[in-house]
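Chemist: quick one: sequence plus predicted model below, questions after.
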Amino acid sequence: MDLSHPSLPVPPAPAAAGNEIDRRIRAALGRATGSLSAGSALLAAGDWGINLLVSPGKQFELALLALEYAGQIARYDIECLLAGTGETRRHVKPPARDRRFEDDAWLHWPYNVLHQSFLLYEQWWDAATRGVLGVDTKHENLVSFAARQWLDLASPGNSLFTNPVAMRRTFSEGGLNLLRGGQNFLTDLQRLAAGMPPPGAEDFVVGREVAVTPGKVVLSNRLMELIQYSPATAEVCPEPVLLVPAWIMKYYILDLSPNNSLVKYLVDQGHTVFCISWKNPTAEERDVTMDDYVNLGLRAALDAATAIVPKQKVHVLGYCLGGTMATIGATAMARDGDDRLASLTLLAAQTDFSEPGELGLFIDESQVSLLEAQMAQTGYLTSGQMAGAFQLLRSNDLLWSRLINHYLLGELAAVNDLMAWNADATRLPARMHSEYLRQLFLHDDLAQNRYRVDGRPVSLADLKIPVFLLGTLTDHVAPWRSVYKLHYLTGTEITFALTSGGHNAGVVSAPGQPRRHYQIMKSAAGERRVDPDRWLAAAPDNKGSWWPAWHEWLREHSGTPVEPPRLGLPGARALDDAPGRYVLEK
């Protein structure tokens, strides 16, 4: 029966007002939780808890495991007591990258029993959060990750009285370390309130200590400045190199100190180098799209580079998110018959997001809607909203070890150029970031041939140019096995290199640095691909930096050297000296 009455006024639709209220609530929740979704955490915890509740077999296994570990630590305690103060053996070895208990002071009673019990406790919780029937894989990973965070918080190394290294320092210095630690704490609070970088970062001024390779800004638009670097050799490869950094970071990670600069290395090796310097967006750029970054970034830079170096193709390098965007642009060019690219180099850049690593734990519908609600109010994603997730991924390295050294030991770590760059954070436009999270992370549109550029889909299978693909061994942002998946999405020639280090330090790997090594192997066009584990076993290991190997690869795909081109667009004057203006925006 229809109960509506045509003479009554139609009430306003509640959806718009309701959605605005919901967004405001989510934005407030995001501010309270450090931009992490409580809904995602509760769903994961509920899934795990309910399934564990109806798994008596798993509960029995965990009970037996707890008894076994309790017996092990009891026997270890007795053996250490009987052996006397000279007993320094371990019963449980920490994970390979866990350096919290490597000091010999942890091997003496009672700290040996304390930290060994803690390691067994970690192992028990890992067993408890994994292997529960019926739990969604992502929920399982999130619960396991959350358990590790709580355990890291409870580590005996974080407390003065349960940390033998801190106690030894306190006795030897008469507590002066704690006085320095308190001063460090107050200084950090003051700098945090003032929005200042950590102490020592001011020693690396952009244009003075870092980003000092000579060059000119030859193009500027509302999203980027294009820098062309001055030649350093009498002859250069005819094809220029265009560097596309991620707009999640300042470009000068590729042009750090002169002894640590990929830009300077390329120029010194005889390459004409262009680099995009992205604008640090404000609320005015809230509606900038991924298409805008492709068109006003990559395509505009290519237009300028080919005008300055006419009749030559361009080697394009993309780093991190810049590599994903460079791949999107290259596939759009292939779709449209634009053959201006000589090659594509991708550094720690994902094209398949089906297994993005631990960063994917923070990306689901609940999390994205939370970020979108916050960005709707500001017009952008702040650097602080991004920093929290990255710190959690490496909490031992980026958070707890720093707090121990800074506050308990009273030590101030020396800041290097890479650390200073990392503190020089950027923002992300609201619409672009939402498109990036939804189309790539949530829906994996690029790998599934659903991603659209200018309204039409692109396909990675259309790539025909040679590709140099770099992964880094300990990357938490773009795990190397995820980066490797490009092999399965295109049949073009791919040279894959796997280098030591993480997402940033593995890329910034100038020749001459100690303990660097890399593996490299080429898959020819149309050649059957091997899985990453077989590749890892087959690829030869090389000592040193991967930069010279990449330079040789560029030379193999370049022509006979020629005189350097002019600086700047024909008929136009250069705008500013490098590093330009956009990189200085805070």
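Modeler: That came through, no problem.

Chemist: nearest residue to Ala257 other than its sequence neighbours?
Modeler: Careful, residue 257 is Ser and not Ala. Closest residue to Ser257 in three dimensions, ignoring its sequence neighbours and counting by Cβ to Cβ, 6 or more residues apart in numbering: Asp417, at 4.7 Å. Where C-beta positions appear, they are placed from N, C-alpha and C, glycine not excepted.

Chemist: residues in contact with that neighbour?
Modeler: The neighbourhood of Asp417, defined by Cβ atoms under 8 Å, 6 or more residues apart in numbering, consists of 204, 209-210, 256-257, 260.

Chemist: of those, which is the nearest to Asp47?
Modeler: Closest approach to Asp47 among the contacts of Asp417 (Cβ to Cβ): Leu256, at 44.0 Å.

Chemist: for the stretch 301-450 of the chain, what spans make up the strands?
Modeler: Taking DSSP state E, counting those that start in this stretch to define them, one finds strands in the stretch 301-450 of the chain at 314-319, 341-347, 380-381, 428-429.

Chemist: quick one: the helices in the stretch 1-150 of the chain?
Modeler: With DSSP state H, counting those that start in this stretch applied, the stretch 1-150 of the chain shows helices at 14-32, 38-53, 56-83, 111-129, 137-153, listed in chain order.

Chemist: for Ser261, see how far away Leu567 is.
Modeler: Using Cβ to Cβ, to the nearest Å, one gets 19 Å for the distance from Leu567 to Ser261.

Chemist: ok, those two, which is more surrounded?
Modeler: In this comparison of Leu567 against Ser261, neighbours counted by other Cβ atoms under 10 Å, the higher total goes to Ser261 at 23 against 17.

Chemist: check contacts around the more buried one.
Modeler: Under the criterion of Cβ under 8 Å, 6+ apart, the contact partners of Ser261 comprise 213, 254-255, 510.

Chemist: could you redo the last one with a cut-off of 7 Å?
Modeler: Going by Cβ atoms under 7 Å, 6 or more residues apart in numbering, Ser261 touches 213, 255.

Chemist: now swap in Leu554 and tell me
Modeler: Leu554 makes contact with His315 under the criterion Cβ under 7 Å, 6+ apart.

Chemist: and the pLDDT at it?
Modeler: The score at Leu554 is 97. That number is its pLDDT.

Chemist: secondary structure class for it?
Modeler: Reducing the assignment to helix, strand or coil with DSSP: H, G, I helix; E, B strand; the rest coil, the entry for Leu554 is helix.

Chemist: state the distance from it to His315.
Modeler: As it turns out, when the distance is counted by Cβ to Cβ, Leu554 lies 6 Å from His315.

Chemist: any idea how far Phe496 is from the closest residue to Tyr484 other than its chain neighbours?
Modeler: Closest residue to Tyr484 apart from its sequence neighbours, by Cβ to Cβ, 6+ apart: Pro532 at 4.7 Å. With distances taken as Cβ to Cβ, Pro532 is found 9 Å from Phe496.

Chemist: Glu355 too?
Modeler: Remark: distance between Glu355 and Phe496 (Cβ to Cβ) = 17 Å.

Chemist: does the residue nearest to Tyr484 touch Val483 like I think?
Modeler: No - because the distance of 9.4 Å does not satisfy Cβ atoms under 7 Å, Pro532 is recorded as not touching Val483.

Chemist: one step back: from Val467, how far off is the residue nearest to Tyr484?
Modeler: Spatial separation of Pro532 from Val467 under the definition Cβ to Cβ is 16 Å.
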